[in-house]
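Trainee: Sequence and predicted model, in that order:
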Amino acid sequence: MRLQTDPSCFSITAFLADQVALVSRQEKLPPGAALLRLQELSHTPEGRATLMRLIESAAEREQNADEAAKISAICRELSAWGYGGFVSGPRHESHRAAA
């Protein structure tokens, strides 16, 4: 199934539907389970980082230039929402303790 995101025009409906489609493809889940997985990943910084890696992996494997542009637009939007900023390791742990 082709992705719905239009890189030149943001649509929250297409954005969310495409995230579900990408999680479904990457983790080989039916759409309902992919939606639940997407919700689960969205709850923690670690999960959001996992989601970004999952979608970036889909972009790396995409052969169709139009689909790759759609995935890139999804990655840019997720990054703008703060999904790309997770840092693991001691620095993250000390930041968590300070918060």
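Mentor: Received, thanks. Numbering: from 1, shown residues only.

Trainee: For the rest of this, base every contact and every neighbour count on C-alpha atoms.
Mentor: Will do.

Trainee: Next, count neighbours for H43.
Mentor: Number of residues near H43 (other C-alpha atoms under 10 Å) recorded here: 10.

Trainee: and it, helix, strand or coil?
Mentor: In the three-state summary, H43 is assigned as coil, counting by DSSP: H, G, I helix; E, B strand; the rest coil.

Trainee: Could I get the phi/psi values of it?
Mentor: The phi and psi values for H43, taken as degrees, to the nearest 10, are phi -80, psi -20.

Trainee: Let's see the pLDDT reported for it.
Mentor: For H43, the pLDDT comes out at 93.

Trainee: and it, how far is that from L36?
Mentor: H43 sits 11 Å away from L36, going by C-alpha to C-alpha, to the nearest Å.

Trainee: again, but for A49
Mentor: Computed with C-alpha to C-alpha, the distance linking A49 and L36 is 17 Å.

Trainee: out of these two, which sits in the busier spot?
Mentor: Shown here are A49 and L36; by other C-alpha under 10 Å, A49 has more neighbours (21 against 13).

Trainee: So the more buried one sits against W81, correct?
Mentor: No - with contact defined as C-alpha atoms under 8 Å, A49 does not reach W81; the gap is 11.9 Å.
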